[in-house]
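Asks: Okay, predicted coordinates and the sequence, questions at the end:
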Amino acid sequence: MTIKNSARLLINAVVAIALCGFVLSCGGGGDSDSGSTPGKSGSITLSASETSIPADNTSSSVITATVLDGSGSPVRHYTDVTFTATLAHFRNGSHTYTVQTQPPLGSDGLPNPDASPTGVVQVTLIAGLTAGSAKVTATSNGVTQSIYVSITGTAGNITLSASPATMPADGVTSSTITATVTDSSGTGVTPGTSVTFNTGLGLFQNGQKTFTISTPDSSGSVSVSLIAGVVPGTTYVEASANGITQAVSITLTRTDPVRSEINMEADPMRIAADGQSTSIVTATVTAIPGADAGANATASPIAGVPVTFYDATSSTTPETLPTDNTWTGTGSSEFVAPAFYANGVITFTMTYVGAEASNFAVVLWKIDGDPDTKKFLINTTGPVTGQSVTYTLASGNYQFQVLSDGYWEIKVDGDISTATTTEPIVLAITQTDTNGKARYAYSAAQLRAW
């Protein structure tokens, strides 16, 4: 009996020690019912990664809560913390979100429940569409703390105006389009809000039918210029921001046609092909008096007319090549039509019927080169019968220039075909001044033989 009692006492003692060890192993979580005692939530500190976000239903701020117990130590792992918010929501789509404090990550990148508690928990606050001050509240075991995040205005309304609302379809006149973008409370949207304008007729200052600009300040107002086209009619200009769109109508009126003419002059008329010399090319646009203007009426200059200067020497239009690829003519020709396309080894055979002392010269121009290139195929005096030269030509369009006093022929053998289409090069676009004149300084190309 004594032995059995002793054994029973020993077993009880072991169980008591084991239970004590289990309680001690629970450590920092404590079970006190009082918020002022160790283990249970005693205080909450809140912070926000962004204290101001736009009311665009997308922008966000990370809210961090640090929860301490009554002794000032972090609460145990997996302590519940409930967040609530006004004017915004959490990633679960609700205004209320409950999360738990998490263990810090271990070296393996996973939560380590054996690590010391941090008492830290984070949630993402997502702005709504209403501007104002969002109140975010965190609650844990009866302890509450709040923080405020400013929700700044985003597009809720657009007021659009055009000045003038009617203008001539003359390709020059412009109208100022002003958009004022406000939030739902009537306050100008956050500076930097993008506003996109679209038009059916005319072009914006960027030369396109679409133009995007950002609001520069808290007024929410932006302005763009719409330049009239030459097509009359009523069009709508739209302004869009953050899914809100507003439109205003503009009328382009038909303009009375003006009979006009354009005269061109260059000073000097001839310049050296040295890549440096220049000639001032002037285009003068004048209105032609009507039939009822009287015999003494004179042409008047037209100001504000857009004038486009082109370099047409490199432009070509495909034309049928002559029979047997043989070009013929009498006398000199600045540029002999048609131009042709060549690539590879080409032979030119030339015949000239002229006086003994007369000059005969043929220049081959590569007209789509940069700069233009030329080659004298022949430069002689007196009659020529079947004189040939052969060159290897780079692919491109070519054209003859002939100096002659008599009949001539140029036969071409090799890989040639009709010229490929090339457009003239735009050199400049300018407007006529009050004297109806538009000017362009043309610089000579550097010619070279190959």
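Replies: Sure, I can see it.

Asks: contacts, neighbours, all on C-alpha from now
Replies: Fine.

Asks: If I look at G128, what pLDDT would I see?
Replies: The score at G128 is 87. That number is its pLDDT.

Asks: give the contact list for it.
Replies: Residues near G128 by Cα atoms under 8 Å, 6 or more residues apart in numbering: 55-58, 87-89, 151.

Asks: Those residues in helices, which ones?
Replies: Among these, no member falls in helices (DSSP state H).

Asks: would TSV of those with distance to V285 be doable?
Replies: What follows is these, written out as TSV (distance: Cα to Cα, whole Å):
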residue	distance to V285
A55	55
D56	53
N57	56
T58	56
L87	63
A88	63
H89	65
I151	58
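
Asks: Neighbour-wise, which one of those residues leads?
Replies: Counting neighbours by other Cα atoms under 10 Å, the top entry in the contacts of G128 is A55, with 28 neighbours.

Asks: Would you agree it is in contact with A134?
Replies: No. In this structure A55 lies outside contact range of A134 using Cα atoms under 8 Å: 10.5 Å.

Asks: So for those two, which residues contact both of them?
Replies: Common contacts of A55 and A134 (Cα under 8 Å, 6+ apart): I151.

Asks: Name the spans of the stretch 101-250 of the chain whose pLDDT lies under the cut-off.
Replies: Counting by pLDDT under 70, the stretch 101-250 of the chain contains low-confidence ranges at 153-155.

Asks: now the strands for the stretch 201-350 of the chain?
Replies: Along the stretch 201-350 of the chain, the stretches classed as strands by DSSP state E, counting those that start in this stretch are 203-204, 210-214, 221-227, 233-241, 244-253, 260-267, 278-287, 300-301, 306-311, 326-330, 333-353.

Asks: Distance to A438 and mean neighbour count added to the ones you listed, as a markdown table?
Replies: Shown next, in a markdown table, are the strands of the stretch 201-350 of the chain (distance: least, Cα to Cα, whole Å; neighbours: other Cα atoms under 10 Å):
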| stretch | distance to A438 | mean neighbour count |
| --- | --- | --- |
| strand 203-204 | 22 | 21 |
| strand 210-214 | 29 | 16 |
| strand 221-227 | 20 | 21 |
| strand 233-241 | 29 | 19 |
| strand 244-253 | 26 | 18 |
| strand 260-267 | 10 | 13 |
| strand 278-287 | 5 | 19 |
| strand 300-301 | 11 | 16 |
| strand 306-311 | 7 | 16 |
| strand 326-330 | 38 | 16 |
| strand 333-353 | 27 | 18 |
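
Asks: wait, which of these is closest to L393?
Replies: Proximity to L393 (Cα to Cα) singles out strand 333-353 among those, at 5.0 Å.

Asks: just checking, next helix/strand downstream of that closest one?
Replies: Sequence-wise, the next helix or strand downstream of strand 333-353 (DSSP states H and E) is strand 359-366.

Asks: which other residues reach that next one?
Replies: 352, 372-382, 396-405.

Asks: do stretch 41-54 as well
Replies: Outside stretch 41-54, the residues within contact range by Cα under 8 Å, 6+ apart are 35-36, 59-72, 75, 127, 131, 138, 140-154, 190.

Asks: ends of it, how far apart?
Replies: Using Cα to Cα, to the nearest Å, one end of stretch 41-54 lies 33 Å from the other.

Asks: Now find how far off-centre it is within its chain.
Replies: Distance, stretch centre to chain centre, for stretch 41-54: 38 Å (Cα atoms, centre = their mean, to the nearest Å).

Asks: Buried by neighbour count: which residues of that stretch qualify?
Replies: 41-44, 46-48, 51-54 (16 or more other Cα atoms under 10 Å).

Asks: cool, and stretch 126-140?
Replies: Residues of stretch 126-140 classed as buried by neighbour count (16+ other Cα under 10 Å): 126-134, 136-140.

Asks: out of those, which one sits closest to T199?
Replies: Checking the buried residues of stretch 126-140 against T199 with Cα to Cα, the nearest one is L129 at 28.0 Å.

Asks: quick revisit: list the ones among the contacts of strand 359-366 that fall in strands.
Replies: The strands, defined by DSSP state E, take in 352, 373-381, 396-403 from the contacts of strand 359-366.

Asks: Report the buried members of those.
Replies: Buried members of these, counted by 16+ other Cα under 10 Å: 352, 373-374, 377-378, 381, 396-403.

Asks: Next, give me the two most distant ones among those residues.
Replies: T381 and G396 (30.1 Å).

Asks: one step back: would you reformat the buried ones among the ones in strands among the contacts of strand 359-366 as TSV and include distance to I410 and pLDDT?
Replies: Output for those, formatted as TSV (distance: Cα to Cα, whole Å; pLDDT from 0 to 100):
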residue	distance to I410	pLDDT
Y352	9	96
T373	19	73
K374	16	80
L377	10	95
I378	11	94
T381	16	92
G396	19	87
N397	17	89
Y398	13	91
Q399	12	91
F400	9	94
Q401	11	92
V402	10	95
L403	13	93
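
Asks: any idea which of those residues is closest to Q122?
Replies: G396 (68.3 Å).

Asks: is it true that that closest one touches N343?
Replies: Yes. With contact defined as Cα under 8 Å, G396 reaches N343; the gap is 6.9 Å.

Asks: Counting neighbours, what do you get for A115?
Replies: Count around A115 with other Cα under 10 Å applied: 12.

Asks: Contacts only, for it.
Replies: 103-104.

Asks: 6 Å instead?
Replies: Contact partners of A115, counting by Cα atoms under 6 Å, 6 or more residues apart in numbering, are absent.

Asks: for stretch 156-176, the distance to its chain's centre please.
Replies: 23 Å.

Asks: Straight-line length of it, end to end?
Replies: For stretch 156-176, the end-to-end distance is 23 Å (Cα to Cα).

Asks: Buried residues in it, which are they?
Replies: Those would be 156-158, 160-162, 165-176, for stretch 156-176 by 16+ other Cα under 10 Å.

Asks: ditto for stretch 400-416
Replies: Residues 400-412, 416 are the ones in stretch 400-416 that count as buried (16+ other Cα under 10 Å).

Asks: T79 touches T101, doesn't it?
Replies: Yes. Taking contacts as Cα atoms under 6 Å, T79 lies within contact range of T101: 5.3 Å.

Asks: In terms of neighbours, single out the busier of these two.
Replies: Taking neighbours as other Cα under 10 Å, T79 and T101 compare with T101 leading, 22 against 19.

Asks: Double-check the more buried one against R76; I have them as touching.
Replies: No. Proximity of T101 to R76 does not meet the contact threshold set by Cα under 6 Å, at 7.7 Å.

Asks: still on that earlier bit, and of the contacts of G128, the nearest to I262?
Replies: When the contacts of G128 are ranked by distance to I262 (Cα to Cα), D56 comes first, at 55.4 Å.

Asks: Next up, phi/psi of the nearest residue to that closest one once chain neighbours are set aside, please.
Replies: Of all residues not flanking D56 in the chain, L129 sits nearest, at 5.4 Å (Cα to Cα, 6 or more residues apart in numbering). With angles defined as degrees, to the nearest 10, L129 sits at phi -110, psi 0.
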